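# sequence and predicted structure are below.
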Amino acid sequence: MKKLLSYILLCIAMCGLFGSCAKDRGNYDYLTLDSVAIDVSGLATSYSMLRFDTLHLQPVVKYKGQVVTGSEKSGELSFAWEMYPSSVNPTVQEKFTFDSTIALHAVMDKREAVWVVLFTVINNKTGVKTFSKFSVAITPSLAEGWMVLYEKDGNTDVGLIVNNEVTKTNTVKEKVMLDIYSTSNGAPMAGAPGSIGYSLVNLTGAHKIYIQSTGDVVSVTPTTFQRIDDFSSIFWTMPATKAPQMVKITERRKEFMLNNNKLHVIDYTILGNGRRAFEDALTGKYGTLAPWITTTTGAAFDAVLYDQTNKRFVKVVARGTEVVEFTTAQSATAAFDVKNVGLTFVTSDLGWNYWEHAVMKDDAGKYFLLTADFRTGEIATIGKGKYDMSACPEINDLVSISAGYYGEVFYYASPNSLYQFKYSARSTDKLWSAPANEKITNIALQKYYNSNPALGAFYDPKNICKILYIATYDESTKTGHVYQMQVNQSSGAIVAGTEKKYSGFGKVKAMAWKPFIIM
């Protein structure tokens, strides 16, 4: 009976408590919030973007029941777009702020990863924030294309031309990407541009692109152009003098660097795991070396160079440790003696029959085209041809050359004109003139250092020696242009009606094919 009474009293107490709560209407001051709504029903929630493409997002913002157009002057709302790494990329720590408008139009130039793009609307009166999130995956856009190395404001940067004539994936949208190196690394390379090349010599590991300027030499990741090494880390032991002259990748799976007139090498025919770096300089007795290394050689050589002081070719034997003279006596039937050329080296390119096509001049300033076979080995007839170019128009103003693989196709350019020197016929044709206010700075055929078709299509450009690129510079506007045109790979003639123009570069020094090869 006593337990029952206690239970009844407890129930009465609880009822009284609830009753008091129910009667309490409250004497509180409530703040009515001006509602903000973000309508993203017309947008996707996730995007996959090629790197350097532009992301366009325009959500609908409603405030006090009205659509906000972005032109309000009340200052009651503010907007923010930010981007930070998705949880699937825990090692990525960056965070970026894009804009303070309703609509976002932003170039996706950050590293390739999955990101969260956050749109925030802030009610400045109440401090309440309303959010909307989008998932954005940035994927490689720097796949296959035509690399353009140029000088801008005294520094070095890289552009990329992507179109159906260079890429094998039949890109629908042509595009030009500018200042890729500085965008990916925060600043351009110091110094004037020198050389650029995509290296495939590491057949079982990561590929690299080498870029050399007068102020530095770097290797970068092909899909991002993010720097891997610079001069301070690209050697096992950094040389005391920093004076990079060129980087060269050759068909014999070697990477070479000329620095301060000394030759350094990475040999990928020697098996090894882990990091690779340039070795200490090769020794040897030689004078000033021209900034040139032959593209392809026979098994007897690792490299062939030119000694400007002694006016002769010199070599590095297979897995050699020094730069030495050629030893085989040259036949009287050879077009010239590689051991005693007697001319000053100007420039060279790999051409017909995979022979080097070198322009040289004598002490009187007379120009010659020399062809040399370094693929067969140290034979007695390395010198294959020597052709007088003294009758070639504007040869004294030579700025660049390019030679084809499949015929006697040899182009040279002055600042004003492009010519084809038909050396067997000893004749010269003018093929193209630079537009007003523009000067030619570089020419190049679409090709690659690989000359062995057995390696497969991945290692060959789409249009080998069928596309010619001519780079010009307008000093008045400080703008570089690249003209692309189809040519007959056997005759060298320009195909009418095929010219395209790409602009926005600096002063172009070099151009090269960039393959996209999945390892």
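Looks like it arrived, so ask away.

# pretty sure residue 358 sits in a helix.
No - the assignment for residue 358 is strand, going by DSSP: H, G, I helix; E, B strand; the rest coil, so no helix is present there.

# for it, give me its contacts.
For residue 358, the contacting residues are 306, 345, 346, 347, 348, 369, 370, 371, 372, by Cβ atoms under 8 Å, 6 or more residues apart in numbering. (Glycine included, C-beta is placed from N, CA and C.)

# roughly how far does the fifth one sit from residue 358?
Distance from residue 348 to residue 358, counting by Cβ to Cβ, to the nearest Å: 4 Å.

# for the last one, same thing?
Here residue 372 is placed at a distance of 7 Å from residue 358 (Cβ to Cβ).

# surely residue 356 and residue 374 touch.
Yes - counting by Cβ atoms under 8 Å, residue 356 touches residue 374, with 6.4 Å between them.

# list the residues that contact both of these two?
With contacts defined as Cβ under 8 Å, 6+ apart, the residues shared by residue 356 and residue 374 are 294, 304.

# re the thing from before, so which of the contacts of residue 358 are in strands?
306, 345, 346, 347, 348, 369, 370, 371, 372 (DSSP state E).

# mind putting the residues you listed into JSON lines with neighbour count, distance to residue 406 and pLDDT?
Shown next, in JSON lines, are these (neighbours: other Cβ atoms under 10 Å; distance: Cβ to Cβ, whole Å; pLDDT from 0 to 100):
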{"residue": "306", "neighbour count": "26", "distance to residue 406": "26", "pLDDT": "98"}
{"residue": "345", "neighbour count": "21", "distance to residue 406": "26", "pLDDT": "98"}
{"residue": "346", "neighbour count": "16", "distance to residue 406": "24", "pLDDT": "98"}
{"residue": "347", "neighbour count": "16", "distance to residue 406": "21", "pLDDT": "98"}
{"residue": "348", "neighbour count": "23", "distance to residue 406": "18", "pLDDT": "98"}
{"residue": "369", "neighbour count": "23", "distance to residue 406": "18", "pLDDT": "98"}
{"residue": "370", "neighbour count": "23", "distance to residue 406": "20", "pLDDT": "98"}
{"residue": "371", "neighbour count": "24", "distance to residue 406": "15", "pLDDT": "98"}
{"residue": "372", "neighbour count": "24", "distance to residue 406": "19", "pLDDT": "98"}
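
# can I get the residues you listed in JSON lines with distance to residue 148?
Output for these, formatted as JSON lines (distance: Cβ to Cβ, whole Å):
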{"residue": "306", "distance to residue 148": "27"}
{"residue": "345", "distance to residue 148": "25"}
{"residue": "346", "distance to residue 148": "23"}
{"residue": "347", "distance to residue 148": "19"}
{"residue": "348", "distance to residue 148": "21"}
{"residue": "369", "distance to residue 148": "27"}
{"residue": "370", "distance to residue 148": "29"}
{"residue": "371", "distance to residue 148": "28"}
{"residue": "372", "distance to residue 148": "29"}
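
# nearest to residue 393, of these?
Closest approach between these and residue 393, by Cβ to Cβ: residue 369, at 14.5 Å.

# list the contacts of that closest one.
Counting by Cβ under 8 Å, 6+ apart, residue 369 has contacts 357, 358, 359, 385, 386, 387, 389, 410, 421, 423.

# how about the nearest residue to it, chain neighbours excluded?
Nearest residue to residue 369 in three dimensions, chain neighbours excluded: residue 387, at 4.4 Å (Cβ to Cβ, 6 or more residues apart in numbering).

# quick check: that neighbour touching residue 426?
Yes - judged on Cβ under 8 Å, residue 387 makes contact with residue 426 at a distance of 7.1 Å.

# which pLDDT value goes with residue 200?
On pLDDT, residue 200 comes in at 86.

# thought it was touching residue 514?
No - with contacts counted by Cβ under 8 Å, residue 200 stays clear of residue 514, the gap being 11.2 Å.

# these two: which is more packed in?
residue 514 (24 against 20; other Cβ atoms under 10 Å).

# so that one makes contact with residue 148?
No - using Cβ under 8 Å, residue 514 is not in contact with residue 148; the gap is 10.1 Å.

# and for those two, which residues touch both?
With Cβ under 8 Å, 6+ apart as the test, residue 514 and residue 148 both reach residue 160.

# residue contacts, residue 278?
The neighbourhood of residue 278, defined by Cβ under 8 Å, 6+ apart, consists of 234, 235, 236, 255, 257, 264, 265, 266.

# and the third one, what's its pLDDT?
According to the predicted model, the pLDDT of residue 236 comes to 97.

# mind listing what it touches?
Residues near residue 236 by Cβ under 8 Å, 6+ apart: 277, 278, 279, 280.

# ok, now with 7 Å
277, 279 (Cβ atoms under 7 Å, 6 or more residues apart in numbering).

# likewise for the fifth one?
Residue 257 makes contact with 217, 244, 247, 264, 278 under the criterion Cβ under 7 Å, 6+ apart.

# cool, the first one as well?
Residues counted as contacts of residue 234 (Cβ under 7 Å, 6+ apart) are 217, 219, 277, 278.

# find the nearest non-adjacent residue to residue 308, please.
Closest to residue 308 by Cβ to Cβ, 6+ apart is residue 288, at 4.6 Å.

# which residues sit against the helix or strand hosting residue 197?
Assigning secondary structure by DSSP states H and E places residue 197 in strand 193-199. For strand 193-199, the surrounding residues in contact (Cβ under 7 Å, 6+ apart) are 147, 149-151, 156, 158, 207-214, 222, 244, 246-247, 249, 255, 509-510, 512, 514-515.

# quick check: residue 421 touching residue 412?
Yes - using Cβ atoms under 7 Å, residue 421 is in contact with residue 412, at 6.1 Å.

# list the buried residues of stretch 225-242.
Within stretch 225-242, the residues scored as buried using 16 or more other Cβ atoms under 10 Å are 225, 227, 229, 230, 231, 234, 235, 239.

# reformat those residues as a markdown table; add distance to residue 98.
A markdown table is the format used below for these (distance: Cβ to Cβ, whole Å):
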| residue | distance to residue 98 |
| --- | --- |
| 225 | 21 |
| 227 | 24 |
| 229 | 31 |
| 230 | 29 |
| 231 | 34 |
| 234 | 34 |
| 235 | 39 |
| 239 | 42 |
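
# how near is residue 381 to residue 481?
Distance of residue 381 to residue 481, computed by Cβ to Cβ: 43 Å.

# higher neighbour count, these two?
Set residue 381 next to residue 481 and count neighbours by other Cβ under 10 Å: residue 481 wins out with 20 against 16.

# contacts for the host helix or strand of that one, please.
According to DSSP H and E, residue 481 maps onto strand 479-486. The contact list for strand 479-486, computed with Cβ under 7 Å, 6+ apart, reads 148, 150, 161, 165, 438, 466-473, 494-495, 498-508.

# so how far is that strand off the chain centroid?
17 Å (Cα atoms, centre = their mean, to the nearest Å).

# what about that strand, average pLDDT?
98.

# ok, then the element right after it?
The helix or strand immediately downstream of strand 479-486 is strand 500-505, counting by DSSP H and E.

# and whatever helix or strand comes next after that next one, what other elements does it pack with?
Counting by DSSP H and E, the next helix or strand C-terminal to strand 500-505 is strand 507-514. Contacts defined by 3 or more Cβ pairs under 7 Å, 6 or more residues apart in numbering; DSSP states H and E place strand 507-514 against strand 145-152, strand 193-199, strand 438-445, strand 467-474, strand 479-486.
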